[in-house]
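Chemist: please find the sequence and the predicted model below.
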There are 2 protein chains.
Amino acid sequence: MEYVHDVNFAQYNEQRAALINYDRSLRADHSTQISLSEAKADKFIRQLRSLENTAIWGAEHEGVPHPFPGMEFLTGRSVILKTKLFQILFKMPKGGLLHAHLDATVNAEYVLKIALEQPALHVCSAEALAATNITKILPQFKALSKEMFTNSDVALTDSSYVPNSWVNLKTARATFDPALGGEEGFDKWILSALTINPSEAYQTHNTVNKIWEKFSSTFTVSTGLIRFAPVWEQYIYEFFRSSVEDGISYAEVRINFYPKYMFGEDGQENIPHREWLQIFEKMQDRFKADLKQQGREDEFVGARIIYSTLRFISAEELEWFCEDCIALKQEFPHLIAGFDLVGPENVLKPLIYYAECLLRFRERQKELGIDIPFIFHAGETLGDGTEADVNLYDAILLGTMRIGHGFSLVKHPKLMEICRKRNILIEVCPISNEILRLTSSMLMHPLPILMNNGLPVALCSDDPAVFGNMGLTFDFYQVFVASEVTGLIALRELARDSFKYSTLPPSEKERAIATWERRWELFIESIADEEAV
Amino acid sequence: MEYVHDVNFAQYNEQRAALINYDRSLRADHSTQISLSEAKADKFIRQLRSLENTAIWGAEHEGVPHPFPGMEFLTGRSVILKTKLFQILFKMPKGGLLHAHLDATVNAEYVLKIALEQPALHVCSAEALAATNITKILPQFKALSKEMFTNSDVALTDSSYVPNSWVNLKTARATFDPALGGEEGFDKWILSALTINPSEAYQTHNTVNKIWEKFSSTFTVSTGLIRFAPVWEQYIYEFFRSSVEDGISYAEVRINFYPKYMFGEDGQENIPHREWLQIFEKMQDRFKADLKQQGREDEFVGARIIYSTLRFISAEELEWFCEDCIALKQEFPHLIAGFDLVGPENVLKPLIYYAECLLRFRERQKELGIDIPFIFHAGETLGDGTEADVNLYDAILLGTMRIGHGFSLVKHPKLMEICRKRNILIEVCPISNEILRLTSSMLMHPLPILMNNGLPVALCSDDPAVFGNMGLTFDFYQVFVASEVTGLIALRELARDSFKYSTLPPSEKERAIATWERRWELFIESIADEEAV
């Protein structure tokens, strides 16, 4: 396409329309079938977006200094909740959740609630808590065996509290100094250690490395509560329940298998990985049965696990995890969906460090006739040519099936081409990227570059319990309001691709898509009803 | 290139190197000739960068809460100045400055200094200034004719000051209330109206639209000082002088011709555009003669003008400016380099609004046998599919020779391809984009995407007097420290392309490049000397 010569204005406009169309021709929502009712619904929500961009985002909101659509999530969250668009997107069948870390998927308040029901759970603090140190000291949790239980009712906030001594969780809450807010103050202390707040993300920790320090600490804290079998059971059920409530009907969730055991009800740290999977399966079956009883079986296809360990281990240690993963795959072939290495890419080991071992892992699988696709985190960085950025080359050379984040992928023209041609889906986590300071707002996020280049993409929540973007509605919302190009059909294709690029076997995949399509039609009808109001 | 199958680790590493090489093969610094001394110099400054990233950027600096290489310029400026890398880059021959708005190219302190020497220049304020209102009220300047001069010595800070009454500039400064800082306080008041400070960019005005309000106001203020012929003369000379001092040897500067006249020495607003060009030419000749006398004629090739008007005018009004531009081109063919429309794209009229008129402008030029290339601002926006983003289609269809900013170009795969194939250079303004909140730091800037896709790029300062990035060294610095891929050879190609894609006639271009190449060699030698230290 050359630029126009000697044309009149009508011809110019024709060529202009053709150029815009050509430029967008790689997008998933281009040259795809759109029903009449979809076209109507698309028009409606585009109008609604435009209306609310002015009426809601253009208005003043207390505590929100610079409101705009797609703004910093932690500051704008309360404004998002005021929009009708959010309500509509909440009802959208989102498809599968392809990138989330199980340990950060269930609302922190819920975790604390179920933890408080466990007599074995105890809490300690490195110092007696006071107004002067409470914002700096993190709680630590542990399940104790009965003989270790204490009857002490010395409050964590009492000056006689012995640093690092365990106090029963419920007692600790009940005895929390009223001057520090009592039970409410206790909850606030715990919850602020499990989540990131706006002043951390946008002020005190406003760089990628600083916010990662806070982010990592939330996992250090939560692990004592979650990796305790009686909590874990309920946690998993709640993950399924809350996901389905948000319109998610399938999940491939990353579980960190770095700790070799979790704590059992008896306070012993002796529950091995295979029992984790048994619990996972049991809760999935229970949840499916519960849904079926309510005639809602269409709402949940199931969940699978991406086996993950941390990228600070040595290459030698990795071998143990590879073998462990193989053993689990052999026992639970339908549950183990893939393999990944996780943790802050900017500071931990690059994939090339593990490449030799990972090549052998692939050979071993071939020998055994099993297939555990790599689904690597790569390029979750602002670096240009740094180890984290270069991880993208290794992920692709090692044959990754999808890429987790791939934030820096847009800098790599040939890798973009390879991903498009080889159908490597990018698991994009918009709100996560923004809170972890890779982008300042959704307006700066590279997602449109991926979409306009025809790369398959799924939207993912990553660590919603830490970020507050529970479900997928918030991420869909942020993406939708940050672009004039993206409409309902783009959202449809994002949802559909989350099945298409899942690890589900072909027949299950087909069934999942068919079920989702029926629900999509109902969703479109519901928008028509909105319109009629 | 497929991913590797059944390979050993040595083969893997080979394929990995090939893939990285392939991915970078479109870059200007790829497969280009590199001399031995260039290779050594490249290695040296890469090491220096790495060293200073830790030693300087990793240290604590007062008033810089989160230092990192490529950080927010207004906060990090003082740290940049501490680096040896900055000193080295200062000496680099930068090539041409292809994107800068003349009214914001000369240091505000210098402008104030020369303005104070002009008895005709007066200042007024909308209220008597006090501690309570001084940060909110902007100065207004005007050259008055002799009979309008006042002898009043009522200070702007005196409660008896009559709002909006003119006070002689020098008097206003001399009488400024000592409680408000006296003369220093006066200067501070003026300078803060002419520049953007960090708390504005990163706090009070931390969105694109808000910072543009402040940015636009600096032009409203400065115009009263600059568009006064006796100041303008000196201003232009200083623009040349300070540019050359920074290693810039050529400029294509945008001049806003929206005001049809500027003020003359007699305080009459009656100096027409053709006289502006006469002054421009006179000062250029004088500066060249001065350089020649010092045996430094190699340091300055010259300067040309991109005729600009504001994109809020009507299509009918544009016709007048097109004709005006043609008349100037006919009288000063060597000075008029191109045509542009400027102002905040997000809020002013899109190119399509003017397209019909611009097509006719092109036809007119053809009839007259002259050539005034379009060099349009386009895509200086975070919008996706908004009018400002869509300007890119029109700029390209109208045959733009280069694109000013093109910040959102990376979202458009086919436009990227067209720009590469048709050699449309992108005038990238890194620090401007960051201060105007299109990107939070250089790490998020899309420049590597352009470079890795093989698009020709020139680095530009845009409005250095407002941003504080005088010359081009700061922009080169920010770009260089934000990437591990970019080295000395990439900087060389950026500089060279600023000539290659200039509007200079072929023979002048060749001469300019040859001269620059000689200076580049001296620069490389000077790095070798550094190394020897």
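Modeler: Good, I have the coordinates.
Chemist: how far is the longest helix anywhere in chain A from where the chain is centred?
Modeler: In chain A, taking DSSP state H as the definition, the longest helix is helix A:506-532. With C-alpha atoms, centre = their mean, to the nearest Å as the basis, helix A:506-532 stands 23 Å off its chain's centre.
Chemist: what's the answer for stretch A:310-327, then?
Modeler: That offset, for stretch A:310-327, works out to 23 Å (C-alpha atoms, centre = their mean).
Chemist: contact partners of it?
Modeler: Contact partners of stretch A:310-327, identified using C-beta atoms under 8 Å, 6 or more residues apart in numbering or on different chains, comprise A:256-258, A:273-274, A:307, A:309, A:336, A:339, A:341-343, A:345, A:348-349, A:353-354, A:356-358, A:360-361, A:364-365, A:368, A:370, A:372. Heads up, the C-betas are built off the backbone N, CA and C, glycines and all.
Chemist: kindly report the same for stretch A:176-192.
Modeler: Residues outside stretch A:176-192 that contact it (C-beta under 8 Å, 6+ apart) are A:108-109, A:112, A:129-131, A:134-135, A:139, A:155-158, A:172-174.
Chemist: for A:Val162, give me its contacts.
Modeler: By C-beta under 8 Å, 6+ apart, the contact set of A:Val162 is A:Val154.
Chemist: give me the phi and psi for it.
Modeler: Backbone torsions for A:Val162, taken as degrees, to the nearest 10, come to phi -80, psi 120.
Chemist: phi first, then psi, for A:Gly63.
Modeler: Per-residue torsions, A:Gly63: phi 80, psi 0 (degrees, to the nearest 10).
Chemist: one more: A:Phe376?
Modeler: Here is the backbone geometry of A:Phe376 (degrees, to the nearest 10): phi -90, psi 140.
Chemist: what is the neighbour count of A:Cys322?
Modeler: 22 (other C-beta atoms under 10 Å in any protein chain shown).
Chemist: thinking again about what came up before, which among the contacts of stretch A:176-192 gets closest to chain B?
Modeler: The nearest member of these to chain B, counting by C-beta to the nearest C-beta, is A:Thr135 at 17.7 Å.
Chemist: excluding covalently adjacent residues, which one is nearest to that closest one?
Modeler: A:Ser192 (7.7 Å; C-beta to C-beta, 6 or more residues apart in numbering or on different chains).
Chemist: gap between that neighbour and chain B?
Modeler: 21 Å (C-beta to the nearest C-beta, to the nearest Å).
Chemist: also A:Glu245?
Modeler: 30 Å.
Chemist: where does chain A have its least confident helix or strand?
Modeler: Here the helix or strand of chain A ranked lowest by mean pLDDT, DSSP states H and E is helix A:506-532, holding a mean of 94.
Chemist: in it, what counts as buried?
Modeler: Buried residues in helix A:506-532, counted by 16 or more other C-beta atoms under 10 Å in any protein chain shown: A:Glu508, A:Lys509, A:Ala512, A:Ile513, A:Thr515, A:Trp516, A:Arg519, A:Trp520, A:Phe523, A:Ile524, A:Ile527, A:Glu530.
Chemist: among the residues you listed, which one lies nearest to chain B?
Modeler: Once C-beta to the nearest C-beta is applied, the member of the buried residues of helix A:506-532 that ends up nearest chain B is A:Ile527, at 21.2 Å.
Chemist: tell me the pLDDT of the closest residue to the closest one other than its chain neighbours.
Modeler: Of all residues not flanking A:Ile527 in the chain, A:Ala41 sits nearest, at 4.0 Å (C-beta to C-beta, 6+ apart). Reported pLDDT at A:Ala41 in the predicted model: 97.
Chemist: secondary structure class for A:Ala41?
Modeler: Put simply, A:Ala41 is helix when judged by DSSP: H, G, I helix; E, B strand; the rest coil.
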